[in-house]
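J.: I would like to see how this sequence folds:
(one chain, ligands or ions: 1)
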Amino acid sequence: MKLFGTDGVRGVVNEDLKPEFVVRLALAVATYFGSGSSILVGRDSRAGSELIQDIVSGVLVSSGLRVYDAGLTPTPALQYNVKERGFDGGLMVTASHNPPQYSGIKVVLPDGIEAPREVEEEIEKIFSEESFRRVPWRELRHRKILVDDVNEFYVEGIIKHIDTDKLKKTFKVVVDPANSVGALTTPKLLRMLGVKVLTVNGDLTHQPFRDPEPTRENIEYLSNIVKDLRADFAVAHDGDADRAIFVDNLGRYIPGDRSAALLCRHIVVNKRSDLPRRVVTAVSSSTIVEDVLREYGVDVVWVRVGSIVIARTMQRLGAMAGFEENGGFMYAPHQMVRDGAMTTALMLELLSIERASLSDLYDSLPRRHLIKTKVPLRDKSLVSNLVDKILSSYGSYRSMTIDGVKIIGPDFWFLVRPSGTEPIIRIFVEASDENKANEILKDLLRITSEVLR
Ligand code: MG
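T.: Down below sits the predicted model:
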């Protein structure tokens with residue numbers, strides 16, 4: 001029985017995530033960690049997350065675990081506290097970027113990184129066999145312990161990685177935490193770094209003003225705010241503040257792989273030349289990253305889509321950073337997980353040291369036209385035929401078949417991959433100009449309809 005998706009267990013509260021389901025899942029997680037383990041439990045500000053945290057905490061106590069309550073906190077703050085403060089694990093109650101009716105549970109190991117698939121499978125096995133370990137009532141000595149400084153400890157941890165003497169003193173930044181937990185840390189961090197901050201959608205008692213996913217469409221309004229205030233940039237988080245998407249001083253949305261390319265170059269040129277010259281990203285990122293980093297001797301390791309795969313690959317091979325095109329960025333010396341506030345602090349440092357505006361840096365990157373689309377997939381067994389057909393049509397180009405198929409040409413790339421969560425094929429095409437991108441897309445749609453009909 002597969003309970004975990006690409007990043008934890010997710011579902012609509014009281015529909016997929018009914019209390020009785022959460023109890024069983026929490027029993028399985030408690031059995032995995034074992035009685036006596038100390039577990040830090042936190043949550044985002046969604047309506048359903050508090051009740052799920054209460055259920056989970058109660059079940060862990062009933063299984064003889066020591067529960068530490070982090071309260072409202074971003075996922076990266078919980079992860080940092082687990083790693084740095086020696087907890088045996090962590091549980092984060094959040095549905096990240098999903099719409100407000102969702103919640104979910106992420107399992108974090110003592111290294112602060114989300115559990116790999118092997119651990120999820122172990123938990124799923126305990127869940128389906130109901131091989132829960134319980135403790136006799138005499139051993140129920142523990143109760144929930146409140147930890148009051150999880151967010152402060154995290155913010156201080158980020159500042160340690162920033163060269164504060166080099167920071168420009170006149171930054172003005174707009175922060176949009178989507179009415180969730182990023183409001184508790186990013187504005188505070190930026191103020192501590194001397195930045196003038198304007199927070200929008202910072203009230204945690206409101207239902208989110210916008211969809212928690214910081215896509216181009218969902219945060220369009222930030223463009224005018226940045227221009228009205230003549231701010232240096234805006235940063236938008238998702239619901240658990242592990243993503244940071246930037247809007248530049250001209251009000252332009254910057255895709256996460258572009259900001260990541262700039263930050264990776266910053267790390268290797270201005271910051272830490274001692275780190276492994278390697279970055280890890282998913283096949284959904286643009287090959288612009290390779291074009292930018294090649295001249296600094298930085299290798300790009302391509303992996304399948306999913307932040308846990310990126311993090312675990314960084315850990316295994318050694319890397320200076322890892323990232324996703326959706327705004328998830330991991331700075332290895334801090335922690336090998338996506339971290340929206342750390343990413344924002346690195347951006348301030350980059351702009352200060354290079355004495356540049358974000359728009360100038362963005363304009364220094366190669367210009368490409370990107371199209372994202374999807375087509376229905378009724379029969380999953382046809383995916384391998386589709387991959388073969390595309391490989392034979394584009395055989396002369398460099399290809400990757402780690403996750404669907406990615407073809408890389410001199411002035412274009414595309415990715416055709418089945419979604420991990422929905423019955424669809426996702427198609428990304430990026431080319432030097434719009435006509436070329438449309439031409440490739442047309443050809444891919446022709447091949448797709450032939451194979452999938
Ligand atoms: Mg997230």
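
J.: Surely residue 130 and residue 25 touch.
T.: No. When contacts are counted by CB atoms under 8 Å, residue 130 is not listed as touching residue 25 (11.6 Å). For the C-beta atoms, the positions are set from N, CA and C on the backbone; glycine is no exception.

J.: Looking at those two, which is more packed in?
T.: Shown here are residue 130 and residue 25; by other CB atoms under 10 Å, residue 25 has more neighbours (24 against 10).

J.: Assign that one to helix, strand or coil.
T.: In three-state terms, and counting by DSSP: H, G, I helix; E, B strand; the rest coil, residue 25 is helix.

J.: Give the full set of residues in contact with it.
T.: Contacts for residue 25 were tallied using CB atoms under 8 Å, 6 or more residues apart in numbering; they are 3, 9, 105, 123, 127.

J.: how about the strands of the stretch 251-400 of the chain, start to end?
T.: Listed in chain order, the strands of the stretch 251-400 of the chain (DSSP state E, counting those that start in this stretch) span 253-254, 278-282, 299-303, 321-323, 329-331, 369-376, 398-400.

J.: By proximity to the ion, which residue of the chain wins?
T.: With CB to the ion as the measure, the residue in the chain that lies nearest the ion is residue 96; the distance is 3.2 Å.

J.: Shouldn't that residue be within a helix?
T.: No. For residue 96, which was evaluated using three-state DSSP, the result is coil, with no helix membership.

J.: so what's it closest to, chain neighbours aside?
T.: Closest residue in space to residue 96, ignoring its immediate chain neighbours: residue 240 at 4.9 Å, by CB to CB, 6 or more residues apart in numbering.

J.: wait, what's in contact with that neighbour?
T.: Contact partners of residue 240, counting by CB under 8 Å, 6+ apart, are 44, 74-75, 92, 94, 96, 180-182.

J.: let's see 10 Å
T.: Shown here is residue 240, whose contacts under the criterion CB atoms under 10 Å, 6 or more residues apart in numbering are 7, 42-46, 49, 73-78, 92-97, 104, 106, 177-178, 180-182, 212, 338, 340.

J.: Out of those, name the ones that lie in helices.
T.: Of the positions in the contacts of residue 240, 49, 75-78, 340 sit in helices, assigned by DSSP state H.

J.: Which entries within these meet the buried criterion?
T.: The neighbour-count test (16 or more other CB atoms under 10 Å) applied to the ones in helices among the contacts of residue 240 identifies 49, 75-78, 340 as buried.

J.: Can you list the low-confidence ranges for the stretch 51-200 of the chain?
T.: Counting by pLDDT under 70, the stretch 51-200 of the chain contains no low-confidence segment.

J.: Export the ones in helices among the contacts of residue 240 to CSV and append columns for distance to residue 59.
T.: What follows is these, written out as CSV (distance: CB to CB, whole Å):
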residue, distance to residue 59
49, 16
75, 21
76, 25
77, 23
78, 18
340, 29
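
J.: Pick out the most distant pair among the residues you listed.
T.: Spatially, the most separated pair among those is 49 and 340, at 17.7 Å (CB to CB).

J.: doesn't residue 405 make contact with residue 389?
T.: Yes. In this structure, residue 389 sits in contact with residue 405. The criterion is CB atoms under 10 Å, and the distance is 9.4 Å.

J.: what's the overlap in contacts for these two?
T.: Common contacts of residue 389 and residue 405 (CB under 10 Å, 6+ apart): residue 416.

J.: Which one's more surrounded, the two?
T.: Neighbours around residue 389 and residue 405, counted as other CB under 10 Å, are more numerous at residue 405. The numbers are 22 against 17.

J.: how close does the closest residue in space to the more buried one that isn't next to it in sequence get to residue 400?
T.: Leaving aside its sequence neighbours, residue 405 sits nearest to residue 387 (CB to CB, 6+ apart; 4.6 Å). The spacing between residue 387 and residue 400, counted by CB to CB, to the nearest Å, is 11 Å.

J.: ditto for residue 382
T.: Spatial separation of residue 382 from residue 400 under the definition CB to CB is 20 Å.

J.: do residue 21 as well
T.: Relative to residue 400, residue 21 is positioned 37 Å away (criterion: CB to CB).

J.: Where does the record place the domain boundaries for the protein?
T.: Taking automatic domain parsing as the domain assignment, the ranges for the chain are 9-148, 153-363, 369-452.

J.: and the stretch 51-200 of the chain, which residues reach the ion?
T.: residue 96 (CB under 5 Å from the ion).

J.: mind listing the strands for the stretch 51-200 of the chain?
T.: Remark: strands of the stretch 51-200 of the chain, listed N- to C-terminal, are 66-72, 89-93, 102-108, 145-146, 172-176, 196-199; assignment by DSSP E, counting those that start in this stretch.

J.: could those strands go into a markdown table alongside mean neighbour count?
T.: Written out in a markdown table, the entries for the strands of the stretch 51-200 of the chain read as follows (neighbours: other CB atoms under 10 Å):
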| stretch | mean neighbour count |
| --- | --- |
| strand 66-72 | 20 |
| strand 89-93 | 27 |
| strand 102-108 | 25 |
| strand 145-146 | 10 |
| strand 172-176 | 23 |
| strand 196-199 | 16 |
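
J.: Thank you, goodbye.
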